[in-house]
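Peer 1: Build me a structure from this.
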Amino acid sequence: MIPLPTQTPANIPHIQYGFEEEDVAAKAQREERRDAIKSAFRHSWKGYKKYAWGMDEVGPVTGQTKDTFGGWGATLVDSLDTLWIMGLKKEFEEAVAAVSRIDFSTSDTLTLNIFEVTIRYLGGLLAAHDLSDGSYPILLEKAVELGDFLYIAFDTPNRMPVLRWFWLASKEKRDLEASNNNVLAELGSLSVEFTRLTQLTGDPKYYDAIQRITNMLDKHQDHTALPGLWPISIDALTPNFNVDNRFSFGGLADSLYEYLPKEYLMLGGRSSQYRHMYEKAIDVAKKHMFFRPMTEQGDDILISGTVRASARSATAINLDPDSQHLTCFAGGMLAIGSKIFDRPDDLNIGRKLVDGCIWAYNSMPAGVMPESFRAVQCTDESSGCSWDLREWLNSDEDNQQPLEELKRQAREKGMFPGFKLISDPKYHLRPEAIESVFILYRITGDTTLQDKGWEMFKAIEKASKTKIGYGAIEDVTLANSEIMDEMESFWTGETLKYFYLLFSEPDLISLDKYVFNTEAHPLLRPT
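Peer 2: Numbering: from 1, shown residues only. As a prediction, the model looks like this:
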């Protein structure tokens, strides 16, 4: 067994800004906004409780139930810490009673996604345990029950887990082996929860399991087609990190990078391995992945794109200006990294990435950022990245039509200034943008971020509210879009939590005391 590191803890700098006492008017406005967000949570929770109690999700349009992640009540467990943070103790205890009846040793879902189960359920149980100071022992008991169940998926010859686990095969004692086709994020985003489980129980097996993954990632980090970064899909069986040439902070890769500084914090800086891996990755991303988009107003912002690289040629590195809502976590990650790793320049880069996501929100008729899009990359920053209508429209013709007519034609084609293409116009109630707005506010104390976050919330509220809850938005390029029958557990477990904390007192879930997992569950940093 690889034990938890026992070196002297690192002297980690404070993360949060030194907030001063606010004036009466500012406090009143903040609390009014906070209470509005709490009301949105109550509305969502009421709909879930009425129509889908104990199930994974409720359809906010029809009230139909869904079991998407094991059928153990994903929304129920994912929202435990939100209930506690919002002071809804009665609802919290009712939910804990329901959790006590869950059997985590079996599931009606035959193939389990180990990553999703870990971040939503294990993270939710551990956060509720930590926030309540262990006052509800059943929470840790259930976390251990689930952890032991998930641990079986690591029973392979090379100790890499089966990430899409047909668990009945293990019950029937069939041999398992890792897959040669894995999503990078699913392999590399288990560390924070499994480490915390070892810290709380003293059982080294959980930390041992994830540290073997980290060691493999560390070993191959400099030997990919883009050294310093890992491709979005890998072969964990061989292993082979050159089966894909795409590199991104978006879907399929995002939380692996997010967990590097968070695991460093969870271990109290006792392992420099996570710092070195993070700094290597960020240096490459700054050079090749982040780009300034061309906007009408010449905004000095950044967006995280997608890089394609060839292992056969060190010069064959191409940036596609394609981005996703999922990449919006990166601004907050860089902001935290700038503080704990003494990288002050990264705070400004993190701010520009956050501003890039805010720009994407403000650019859509619904006031909400799309799931994925292609931006117009600025090709000449020396000139101030001035707006070029022809470059936006990709037109080399000598078009003498009036500017407004060209814009009208572009809108008819589904084009918006600064965007080449809205490849997926949906919004799935995702939290990444408000996550980074919240983190940057807590680090800088800039109250304008609260105002921007409030505008984001109002837009989401207007576009997605139903009689039952809140639903994903079909098309953010429309001012009034249809609402989808989808309310994933991260809406109450993550998105509304970040909105609420943005308008709460700064010492509520201080960044200097807690580490958020990828599902926004605050896990206590051991002292």
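
Peer 1: name the helices or strands packed onto the lowest-mean-pLDDT helix or strand in the chain?
Peer 2: None of the helices or strands of the chain scores lower by mean pLDDT, DSSP states H and E than helix 403-412, at a mean of 75. Contact here means 3 or more Cβ pairs under 8 Å, 6 or more residues apart in numbering; DSSP states H and E; on that basis helix 403-412 packs against helix 389-393. C-beta coordinates here come from the backbone N, C-alpha and C atoms, glycine included.

Peer 1: Report the distance from the least confident helix or strand of the chain to the chain centre.
Peer 2: 35 Å (Cα atoms, centre = their mean, to the nearest Å).

Peer 1: Quick one: the strands in the stretch 351-500 of the chain, in order.
Peer 2: 372-375, 419-424 (DSSP state E, counting those that start in this stretch).

Peer 1: Most tightly packed of those strands?
Peer 2: Among these, strand 372-375 has the highest mean neighbour count (mean count of other Cβ atoms under 10 Å), at a mean of 22.

Peer 1: hmm, who's touching that one?
Peer 2: Here strand 372-375 makes contact (Cβ atoms under 8 Å, 6 or more residues apart in numbering) with 250, 291, 293-294, 303, 305, 320-325, 360, 418-424.

Peer 1: same thing but 10 Å
Peer 2: 250-251, 291-295, 301, 303, 305-306, 320-327, 356, 359-360, 363-364, 416, 418-426, 476-477 (Cβ atoms under 10 Å, 6 or more residues apart in numbering).

Peer 1: in its sheet, what does it sit against?
Peer 2: Note on strand 372-375: by DSSP bridges, its sheet partners are strand 322-324 (antiparallel), strand 419-424 (antiparallel).

Peer 1: Mean pLDDT for those strands - can I get that in JSON lines?
Peer 2: What follows is the strands paired with strand 372-375, written out as JSON lines (pLDDT from 0 to 100):
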{"stretch": "strand 322-324", "mean pLDDT": "98"}
{"stretch": "strand 419-424", "mean pLDDT": "94"}
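
Peer 1: Now distance to L267 too, for those strands, in a markdown table please.
Peer 2: As requested, these are exported to a markdown table (distance: least, Cβ to Cβ, whole Å):
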| stretch | distance to L267 |
| --- | --- |
| strand 322-324 | 30 |
| strand 419-424 | 37 |
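
Peer 1: Quick one: closest of those to L150.
Peer 2: strand 322-324 (27.4 Å; Cβ to Cβ).

Peer 1: by contact count, what packs against the helix or strand that the closest one is followed by?
Peer 2: Remark: after strand 322-324, the chain's next helix or strand is helix 329-340, criterion DSSP states H and E. When contacts are defined as 3 or more Cβ pairs under 10 Å, 6 or more residues apart in numbering; DSSP states H and E, helix 329-340 sits against helix 254-266, helix 273-288, strand 303-304, helix 345-363, helix 432-444, strand 514-516.

Peer 1: Can you give me the buried ones in the longest one?
Peer 2: Pointing back at helix 345-363 there. Applying a neighbour-count criterion of 16 or more other Cβ atoms under 10 Å, one finds 346-347, 349-361, 363 buried in helix 345-363.

Peer 1: Then the fifth one?
Peer 2: Buried residues in helix 432-444, counting neighbours by 16+ other Cβ under 10 Å, are found at 432-444.

Peer 1: now these in TSV, with distance to W53 and pLDDT?
Peer 2: Converted to TSV, the buried residues of helix 432-444 look like this (distance: Cβ to Cβ, whole Å; pLDDT from 0 to 100):
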residue	distance to W53	pLDDT
E432	28	98
A433	30	98
I434	27	98
E435	28	98
S436	33	98
V437	32	98
F438	29	98
I439	32	98
L440	36	98
Y441	34	98
R442	34	98
I443	38	98
T444	40	98
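
Peer 1: could you measure L150 against S464, distance?
Peer 2: Remark: distance between L150 and S464 (Cβ to Cβ, to the nearest Å) = 32 Å.

Peer 1: before we move on, what about Q409?
Peer 2: In this view, Q409 and S464 are 30 Å apart by Cβ to Cβ.

Peer 1: Same question for E494.
Peer 2: Taking Cβ to Cβ, one finds E494 at 15 Å from S464.

Peer 1: Kindly report the same for R408.
Peer 2: 28 Å.

Peer 1: Among the two, which residue is more densely surrounded?
Peer 2: Shown here are R408 and S464; by other Cβ atoms under 10 Å, S464 has more neighbours (23 against 12).

Peer 1: wait, isn't the more buried one in contact with A366?
Peer 2: Yes - using Cβ atoms under 10 Å, S464 is in contact with A366, at 9.2 Å.

Peer 1: overlap in contacts of the two?
Peer 2: Listed as contacting both S464 and A366 by Cβ under 10 Å, 6+ apart are 427, 473, 481.

Peer 1: pretty sure V162 is touching Y151, no?
Peer 2: No - using Cβ under 10 Å, V162 is not in contact with Y151; the gap is 11.7 Å.
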